[in-house]
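Visitor: below is the structure, and that's it, no one-letter string:
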């Protein structure tokens, strides 16, 4: 399975694939915390699933990799089925409830590193029944990790994926800065980080068509994460 590593060793961390060829990976995080669920229940927020992103990726036949939290999957099973049913999409792990496992991580709720392995294993169990292109890729919320967190993942045999191009889409108020953030830094082998959580990344679907056009102008082609990391 893509991303699988030797069980019992510290989880490796990758930022990008080999910087050759013309492939790049578009990755989308699907965050979900208890606070976000409360926002949905109260009606404060309409949706944390940006279907316009899926519509565009499907229409243009663009490959992508989705880092899913377990709570997001449980809140949006039909959307998860849609993602899993697309042979161009890969499914990866983003913890169960988007908690931080280090201190001072973007004000995210904190969880003990002693619970990390069980949390990530639970998330794989939540995602697995949906089938599709499953992976053993894992991304920490906020990209926050240290040696203790990487060691805690050793029993799971995963690869930690950060990324070398951060779009900055959470809570963005305009789409043009997101396009610049991606196109100014993208290169062959890049792993681009975006979000599919509509209410707290409302500009991503507006920026995405321009990002795709800019990639094409540069001769860069989106590909599944597993293919980008294996290139060369």
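Guide: Received, thanks. These numbers come from a predicted model, not from an experiment.

Visitor: pLDDT weak spots in the chain?
Guide: 232 (pLDDT under 70).

Visitor: quick one, helices of it?
Guide: 34-42, 51-59, 70-75, 77-84, 116-127, 147-152, 176-183, 204-217, 225-230 (DSSP state H).

Visitor: possible to save the ones you listed as TSV with mean neighbour count and distance to residue 7?
Guide: Just so you know, the C-beta spots here come from the backbone N, C-alpha and C atoms, and that holds for glycine as well. Compiled in TSV, these are given as follows (neighbours: other CB atoms under 10 Å; distance: least, CB to CB, whole Å):
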stretch	mean neighbour count	distance to residue 7
helix 34-42	13	31
helix 51-59	16	33
helix 70-75	22	21
helix 77-84	18	25
helix 116-127	19	11
helix 147-152	16	13
helix 176-183	19	35
helix 204-217	18	35
helix 225-230	22	19
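
Visitor: what's the angle between the longest strand seen in the chain and helix 51-59?
Guide: If you go by DSSP state E, the chain has its longest strand at strand 23-30. Here strand 23-30 points in a direction 150 degrees away from that of helix 51-59 (axes from the mean of the first three to the mean of the last three CA atoms, to 10 degrees).

Visitor: quick check: buried residues in strand 23-30?
Guide: 23-30 (16 or more other CB atoms under 10 Å).

Visitor: about what we covered before: which of the helices of the chain sits closest to residue 93?
Guide: helix 116-127 (5.0 Å; CB to CB).

Visitor: who are the packing partners of the closest one?
Guide: helix 70-75, strand 89-93, strand 133-138, helix 147-152 (3 or more CB pairs under 8 Å, 6 or more residues apart in numbering; DSSP states H and E).
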